[in-house]
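A.B. asks: one predicted model, sequence on top.
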Amino acid sequence: MLKGKNIVVGVAGGISAYKVVDVVSRLKKQGANIYVIMTKAATNFVTPLTFREISGHPVVVDMWAEATNWNVEHIALASRADLFLLAPATGNIIGKIANGIADDMLSTTVMATTAPILMVPAMNTNMYLNTIVQQNISKLTQLDYYFMDPDCGKLACGTEGVGRLPEPEAIVEKVIEILKTNHDFTGKKILITAGGTQEAIDPVRYIGNRSSGKMGYALAEVAAHRGAKVTLISGPTHLVSPPGVTIEFVQSASQMQDAVLAHFAESDIVIKAAAVADYRPQSMSEHKIKKTGETLHLILEKNPDILLQLGHLKKHQILVGFAAETQDLLVHAQDKLTRKNLDMIVANDVTIPGAGFNTDTNIAKLLYRDGRIEELPQMSKKRLAEVILDKIHIECRK
Ligand code: CTP
């Protein structure tokens, strides 16, 4: 199941560290390469020798030990790891990571990795339920860290409650679930729009909006990762182009319309995350407009509604729109869903903190043409992209 996967296992100082020996042994039996990093406190519970014997690789503990090849390679693993498993994740290590502290080999390597990170908390019940620990967990969850809930039962400190490390089989199952590469969009062509359009007033000025493009870029990245052939039509942004995605840059709504229409017929799924300007200056001044009067009148004319047009042209395509509103969210979203002939609309109230433009998170409601409404909690735009694609995948199978 895990053949050839590189898994870094971070062991922090908790009594349940002994159970992680079994986890490492099981992961190894599944074919994974396991590299263990321990905190100094963890070595009071299990010796590095035990993990070395079970994993078949040297164990790193001390960041300040003389640099050996092995230590250097271990840091390189931060970027080569397919998954980082932190078990037991103590209140201390969770707190350090949530607050950007890197003061030992384990916390430093976690900070350096771009791999998915699975945290398995285990600690005394009151510590686990402590508001600060819970806030740290919720902060990390929003940043896409995976968490397993601890089990309930008798704890090493003699009390009973939540806080036990889950059973090794359950941890291994979760690792497999995260690493399972999902190529469920292989063979599908997805057209995504992102960012805000800019409507020129004169050679130096334009009418724009606050869209960052983050949601559309996250969708493009995740869709490509899941096997889709993605074309991203992007307004001007400062974002890095997602790997494996064909990207076309446009400025105005009418340029976006041309680009979208050129790809529409061949697309299976269209997701219109772009914030398209509804109006543009009727004419663009050839030269910079000079500051001559006390007031300046611009005459604006209506831009094409690209999504409305796609709704009319639609044949086999699944059509997904976005509705960013400041009031009467569901009423407006429902109206756009019906009027533009969409299969799904992603609605969010941009006045709510954590749901607006230029944030890394969003709080969305998903509305479907059969009247269903799903309310999602606050989550990162990347996680929301995963959820939206999960839902589209279900719609595709109908
Ligand atoms: N949209 C579009 N072309 C436009 C305006 C919007 O394709 N000219 C798309 C957006 O990409 C989005 C959806 O339509 O997926 C809703 O956009 P929004 O700006 O919220 O709605 P509008 O239809 O423009 O309505 P209003 O501005 O009155 O809220």
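C.D. replies: Yep, it's here.
A.B. asks: I figured residue 334 hits residue 366, correct?
C.D. replies: No. Residue 334 is beyond contact range of residue 366, at 12.0 Å (criterion: CB atoms under 8 Å). Any C-beta I mention is one placed from the backbone N, CA and C, and that applies to glycine too.
A.B. asks: how is the chain carved up into domains?
C.D. replies: Each domain of the chain is listed here as a residue range: 6-180, 189-288+296-397, per automatic domain parsing.
A.B. asks: JSON lines for these, including mean neighbour count and distance to the ligand?
C.D. replies: Below are the domains of the chain laid out as JSON lines (neighbours: other CB atoms under 10 Å; distance: least, CB to the nearest ligand atom, whole Å):
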{"stretch": "domain 6-180", "mean neighbour count": "18", "distance to the ligand": "24"}
{"stretch": "domain 189-288+296-397", "mean neighbour count": "18", "distance to the ligand": "3"}
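A.B. asks: mean pLDDT for those domains: which is lowest?
C.D. replies: Mean pLDDT is lowest for domain 6-180 out of those, coming in at a mean of 92.
A.B. asks: ends of that domain, how far apart?
C.D. replies: 13 Å (CA to CA, to the nearest Å).
A.B. asks: stretch 87-103 now?
C.D. replies: For stretch 87-103, the end-to-end distance is 18 Å (CA to CA).
A.B. asks: now stretch 291-300
C.D. replies: With CA to CA, one end of stretch 291-300 sits 19 Å from the other.
A.B. asks: what residues does that stretch touch?
C.D. replies: For stretch 291-300, contacts defined as CB atoms under 8 Å, 6 or more residues apart in numbering pick out 201, 207, 279, 280, 281, 282, 289.
A.B. asks: which of those fall within strands?
C.D. replies: Within those, residues falling in strands by DSSP state E are 201, 207, 279, 280, 281.
A.B. asks: of all the contacts of stretch 291-300, which two lie farthest apart?
C.D. replies: By the measure CB to CB, 279 and 289 form the most distant pair in the contacts of stretch 291-300, at 17.5 Å.
A.B. asks: neighbouring contacts of the longest helix belonging to the chain?
C.D. replies: Identified as the longest helix of the chain according to DSSP state H is helix 381-397. Contacts with helix 381-397, where a contact means CB under 8 Å, 6+ apart, come from 144, 184-185, 188, 214-215, 218-219, 221-223, 226, 268-269, 271, 318, 320, 343-344, 346, 360-362, 364, 366, 368, 374, 376, 379.
A.B. asks: next, check those against the strands and list the overlap.
C.D. replies: 269, 271, 318, 320, 344, 346, 361, 362, 366, 368, 374, 379.
A.B. asks: wait, the third one touches residue 310, no?
C.D. replies: No. In this structure residue 318 lies outside contact range of residue 310 using CB under 8 Å: 11.1 Å.
A.B. asks: farthest-apart pair in the ones in strands among the contacts of helix 381-397, please.
C.D. replies: By the measure CB to CB, 318 and 361 form the most distant pair in those, at 25.2 Å.
A.B. asks: please enumerate the helices of this structure.
C.D. replies: 17-29, 48-55, 69-80, 91-98, 105-112, 125-129, 131-142, 168-179, 214-225, 253-264, 306-313, 329-339, 381-397.
A.B. asks: got a list of what residue 256 touches?
C.D. replies: 193, 197, 233, 235, 250, 274, 276, 306.
A.B. asks: also residue 17?
C.D. replies: Applying CB under 8 Å, 6+ apart to residue 17 gives the contacts 11, 38, 42, 45, 46, 88.
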